[in-house]
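K.L.:
Predicted model, plus sequence, below.
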Amino acid sequence: MINRRRFVQYASLGLGSLNFQSFRGKAEAHKPLVLSTWDAGIEANKAAWQILGSGGYALDAVEAGVRVTEASQNCCVGLGANPDRDGIVTLDACIMDEAGNCGSVAFLERIKHPISVARRVMEKTPHVMLVGEGAQQFAVAEGFPLEKPDLSPDAKRAYENWLKKSEYKPAINRENQGHGPFAPNMLDNGEWNHDTIGMIAIDSKGRLSGSCTTSGMGFKMRGRIGDSPIIGAGLFVDQDAGAAVATGQGEDIIRICGAHTIVEFMRQGMHPEQACKKAMERLLKVKGIEKAKAIQAGFIAINNKGEYGGYALQKGFSFAVCHAADKNFLVNAKPLI
Ligand code: SD4
């Protein structure tokens, strides 16, 4: 859990360019960079940087990075997270590389590292997506241990609290608006947590990759899946343009194919921040301003030149940027509303 919030004003970074050399330059001229969503991204970036900083592969970095968050027991991403409304934790994840290879798992139970199962789907099957029981069977066959179905102490407490009213009011990441009794992401110490981490990276050879892993919405309907495991919605990578990952209200991100839309805007020449903003404007248009005020969404993107940016629907979305072992900081994304 990150307590330290070293926010860097976005304006001070200009548009987020780190002045990388052109993608057409020599491969070794690239400076690696990793971005991830929310405060937990700081710890995840550290693990990713161990790979990127020593010349490693972006795909390995985005897998290793989010595994840190999946393993954390803080009512967030992974098996420690909030369950669905039947009391069962179900996990979604996806991964994509610079060549358009991708893998995804959804509605997966009792597996600690869904992101690594997603990578196996990508590398060992002719498919992109496995769900539910089939995804679990595949994971076990691949040697992933089947964990006990117990809730973490934080999740148990949050679920018991939710059960008192059992109000079905799914809302994601709206910490600054006050949830009333429905505050799935508030920890006992008053800090807020988030149930997703999305990570995108460019390595020293200029290769882009991305990953996304989530427990989804706390106390969701059984079987509910958001944007996070859906290639094109929660995550998209195209080496000719860039990589983007989303967080927030999955249903609305799916409606605009969020990550793919951002990548297409970058292909048209937009800076990553501008591309994220444009996609967010589309989400706002589809949702309508009044309904949009009740949700949150956040996008981050890197283009193939190593420029980066992010945008939020509302205030409160931060993302972690790392481009050196001692340069790993949080950025407050500009809000649209
Ligand atoms: C979902 N997009 O399942 C995810 C939730 C999320 O921080 O991003 N939470 O809809």
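P.N.:
Noted; the coordinates are in hand. Keep in mind it's a predicted model, so treat the numbers as computed, not measured.
K.L.:
contacts, neighbours, all on C-alpha from now
P.N.:
Noted.
K.L.:
Confirm G269 sits in a helix?
P.N.:
No. Counting by DSSP: H, G, I helix; E, B strand; the rest coil, G269 is not found in a helix; it is coil.
K.L.:
From K305, how far off is it?
P.N.:
Per CA to CA, to the nearest Å, G269 is found 11 Å from K305.
K.L.:
which one of these two has more residues nearby?
P.N.:
Neighbours were counted for G269 and for K305 using other CA atoms under 10 Å; K305 has more, 21 against 13.
K.L.:
Report the contact partners of G258.
P.N.:
Neighbouring residues of G258 by CA atoms under 8 Å, 6 or more residues apart in numbering: 232-235, 246, 279.
K.L.:
near the ligand, which residues of the protein show up?
P.N.:
172-173, 194-196, 216-217, 226-228, 247-250 (CA under 6 Å from any ligand atom).
K.L.:
And those, which is the shakiest by pLDDT?
P.N.:
Among the residues of the chain next to the ligand, N173 has the lowest pLDDT, at 59.
K.L.:
where do the helices sit along this structure?
P.N.:
Remark: helices assigned in the chain by DSSP state H are 41-52, 58-71, 114-124, 132-141, 153-163, 250-255, 258-267, 272-287, 289-292.
K.L.:
average model confidence for the longest one?
P.N.:
This predicted structure assigns helix 272-287 an average pLDDT of 98.
K.L.:
From M221, how far off is the nearest residue to P114 once chain neighbours are set aside?
P.N.:
Spatial nearest neighbour of P114, excluding adjacent residues (CA to CA, 6 or more residues apart in numbering): A93 at 5.8 Å. A93 is 18 Å from M221, where distance means CA to CA.
K.L.:
quick one: which of these two has more around it?
P.N.:
The residue with more neighbours, out of A93 and M221, is A93; 35 against 14, by other CA under 10 Å.
K.L.:
Which residues does that one form beta bridges with?
P.N.:
Beta-bridge pairing for A93 (DSSP bridges): V105, T213.
K.L.:
got the contact list for it?
P.N.:
Contacts of A93 by CA under 8 Å, 6+ apart are 104-106, 114-115, 118, 211-214, 228-229.
K.L.:
cool, L146 as well?
P.N.:
110-111, 140.
K.L.:
Ramachandran coordinates for it?
P.N.:
Dihedral angles of L146 (phi, psi; degrees, to the nearest 10) stand at phi -90, psi 110.
K.L.:
Ok, V128 next?
P.N.:
Here is the backbone geometry of V128 (degrees, to the nearest 10): phi -110, psi -40.
K.L.:
Surely it is in contact with M96?
P.N.:
No. Between V128 and M96 there is no contact, the gap being 10.0 Å when judged by CA atoms under 8 Å.
K.L.:
list the residues that contact both of those two?
P.N.:
Any residue near both V128 and M96 by CA under 8 Å, 6+ apart counts here, and that gives 102-103.
K.L.:
Of those two, which one has the most company?
P.N.:
Counted by other CA under 10 Å, V128 and M96 do not tie: M96 has more neighbours, with 29 against 21.
K.L.:
Which residues are in contact with G55?
P.N.:
G55 is in contact with 203-205, counting by CA under 8 Å, 6+ apart.
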